[in-house]
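Student: Return a 3D structure for these sequence lines:
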Amino acid sequence: MRHFVRHPSEIPVDVRVISERASHSSQICNVSNGGLCCDLAQPLPVGALVDYRIPQIAEDYLGCGRVVWCERQCQGFRVGIQFSNEQDAYRARMVEQLCQIECYRRRVAQTEGRQLSGEQAAAEWISRHAADFDRCHTLSDLSEVG
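Tutor: Numbers count the residues shown, from 1 in each chain. This is a model prediction of the structure:
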């Protein structure tokens with residue numbers, strides 16, 4: 001049984017093993033209260049400390065975590081990163097929520113022809129989806145990340 005609800009995502013992310021210089025660009029596959037999952041071209045070592053940057057939100061948005069699993073995929077590797085603390089988890093969830101609202105705004109424009117402001121989209125999205133998105137969990141089970 002999962003301890004963390006996964007929320008699908010397509011947010012660009014740059015991941016860097018702290019002991020290395022090179023950064024790996026990717027997209028977040030999903031986010032949970034425990035961490036995030038992303039697809040990378042190169043494997044990352046389990047246990048490696050990483051930082052991640054989410055430039056779509058802010059150039060200086062930076063979080064830290066630890067690689068808890070890495071699995072080979074058809075093209076590349078899927079990597080699970082555990083948040084290093086609850087503050088990083090909270091910040092990542094807020095980023096994810098903002099991106100979900102923006103996706104909602106675009107989807108409404110395409111499917112319904114309504115042009116919503118950011119505030120209107122946020123109000124609608126929150127009333128329709130926030131309860132499912134915001135299920136509270138604790139950071140406790142490392143194996144359930146991403």
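Student: Okay, buried residues for the helix or strand where residue 109 lies please.
Tutor: In this assignment (DSSP states H and E), residue 109 forms part of helix 86-112. Using 16 or more other C-beta atoms under 10 Å as the test for burial, helix 86-112 gives 88-89, 91-93, 95-105, 108. For the C-beta atoms, the positions are set from N, CA and C on the backbone; glycine is no exception.
Student: Tell me the gap between that helix and the middle of its chain.
Tutor: Remark: helix 86-112 is offset 10 Å from the chain centroid, using C-alpha atoms, centre = their mean, to the nearest Å.
Student: cool, and stretch 83-92?
Tutor: The answer for stretch 83-92 is 11 Å, by C-alpha atoms, centre = their mean.
Student: cool, stretch 114-130 as well?
Tutor: 20 Å.
Student: Please name the bridge partners of the residue nearest the centre of the chain.
Tutor: Among the residues of the chain, the one closest to the centroid is residue 31, at 3.8 Å (C-alpha atoms, centre = their mean). As for beta bridges, residue 31 partners with residue 7, residue 36 under DSSP bridges.
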